[in-house]
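[1] missing the sequence, but the structure's below:
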């Protein structure tokens with residue numbers, strides 16, 4: 001479907017990044033979690049994919065123990081945090097729009113996605129970030145209220161490192177949650193365009209505690225869960241390098257028609273192709 005252009009690859013590795021996180025979650029569930037004891041009736045796989053995934057263990061699985069070695073004490077902040085997503089939904093607008101538009105607060109918005117087990121592909125105009133994975137903080141004591149936080153992900157596709165932009169990611173940005181202060185959150189910059197593998201972790205406690213993770217490259221060095229998966233790694237790299245679907249065919253003709261005037265090329269001006277026979 002990618003070859004025919006049915007699936008949008010994106011311009012900054014959006015598809016590859018979505019696949020990367022979904023694969024990591026699926027691999028973790030199938031290799032690190034015990035199957036729920038109540039699974040029966042032919043719904044085993046569905047129920048298996050709806051388990052709570054501990055954030056500390058998941059990030060260790062994705063990046064290796066180095067993530068916590070580089071940030072001593074950060075594990076404690078997320079010891080009762082969980083994720084659980086099975087698919088991505090795409091947004092057409094920023095998470096936080098103008099105040100004239102009625103919209104949910106960030107906690108309710110995150111809770112709605114948590115209830116649907118959905119993660120979020122942000123709109124192309126969303127500043128600072130490209131994805132949001134809901135993060136649930138389970139009550140530690142009886143009577144405590146469960147609360148929601150987020151993993152904020154930025155995708156980059158340039159050949160030079162964009163490490164510094166990791167520190168621009170702020171949950172209180174006007175386009176995300178300007179009025180929210182509370183639980184710790186995680187900011188991850190995925191530098192897919194950089195060939196060299198690199199990894200760094202810092203903890204920012206200037207406002208709400210933020211675990212900041214930088215990851216460049218697309219291999220088992222940066223993502224140890226890909227170890228032993230050379231074919232999968234090759235496929236992900238191939239998808240990333242394509243950047244956009246190939247042209248040609250009836251689908252491309254249809255796309256050109258609905259994009260009338262996009263450029264002065266004949267295909268965007270409804271000029272019929274001349275027969276070459």
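    Structure's in. What do you need? As the structure is a computational prediction, the values presented were derived from the model and not from experiment.
[2] wait, doesn't residue 131 sit right on residue 18?
    Yes - between residue 131 and residue 18 there is a contact under CB atoms under 8 Å: 7.5 Å. (Glycine included, C-beta is placed from N, CA and C.)
[3] quick one: common contacting residues for those two?
    Among the neighbours of residue 131, those also in contact with residue 18 (CB atoms under 8 Å, 6 or more residues apart in numbering) are 88, 121.
[4] which positions in the helix or strand harbouring residue 57 come out as buried?
    Under the criterion of DSSP states H and E, residue 57 resides in helix 55-63. If you call a residue buried by 16 or more other CB atoms under 10 Å, then helix 55-63 has these buried ones: 55-56, 58-63.
[5] nearest to residue 99, of those residues?
    residue 55 (32.1 Å; CB to CB).
[6] the closest one: what's its closest spatial neighbour, skipping adjacent residues?
    residue 81 (4.1 Å; CB to CB, 6 or more residues apart in numbering).
[7] number of nearby residues for that neighbour?
    By other CB atoms under 10 Å, 25 other residues sit near residue 81.
[8] following element in sequence after the helix holding residue 57, please.
    Immediately after helix 55-63, counting by DSSP H and E, sits helix 66-69.
[9] sorry, back to before: wait, isn't the residue nearest to residue 55 in contact with residue 54?
    Yes - if you go by CB under 8 Å, residue 81 and residue 54 touch, sitting 7.5 Å apart.
[10] tell me, what residue is most central in the protein?
    Centroid-nearest residue in the chain: residue 131, 4.3 Å away (criterion: CA atoms, centre = their mean).
[11] residue ranges for the helices of the stretch 1-150 of the chain, please.
    Remark: helices assigned in the stretch 1-150 of the chain by DSSP state H, counting those that start in this stretch are 14-32, 44-48, 55-63, 66-69, 74-77, 106-115.
[12] quick check: angle from the first one to helix 55-63?
    If you take axes from the mean of the first three to the mean of the last three CA atoms, to 10 degrees, helix 14-32 sits at 110 degrees to helix 55-63.
[13] if we can go back for a sec, contacting residues around the residue nearest to residue 55?
    54-56, 135-138, 149, 184.
[14] report the buried members of these.
    Here, 16+ other CB under 10 Å leaves 54-56, 135-137, 149, 184 buried among the contacts of residue 81.
[15] residues near the closest residue to residue 201 other than its chain neighbours, how many?
    Spatial nearest neighbour of residue 201, excluding adjacent residues (CB to CB, 6+ apart): residue 70 at 4.0 Å. Residues within reach of residue 70, counting by other CB under 10 Å, total 15.
[16] equivalent analysis for residue 157, please.
    Residues near residue 157, counting by other CB under 10 Å, number 19.
[17] do the one 10 residues further on as well
    Residue 167 is surrounded by 14 other residues when neighbours are defined as other CB under 10 Å.
[18] what about the closest residue to residue 162 other than its chain neighbours, how many neighbours?
    In space, and not counting its chain neighbours, residue 162 is closest to residue 156: 4.3 Å by CB to CB, 6+ apart. For residue 156, the neighbour count with other CB under 10 Å is 21.
[19] one more: residue 105?
    12.
[20] right, and it touches residue 182 too?
    No - between residue 105 and residue 182 there is no contact under CB under 8 Å: 11.2 Å.
[21] stretch 201-209: how far from the chain's middle?
    With CA atoms, centre = their mean, to the nearest Å as the basis, stretch 201-209 stands 20 Å off its chain's centre.
[22] need the residues that contact that stretch.
    Here stretch 201-209 has contacts from 66-67, 70-71, 73-74, 77, 167, 170-172, 181-185, 210-214, using CB under 8 Å, 6+ apart.
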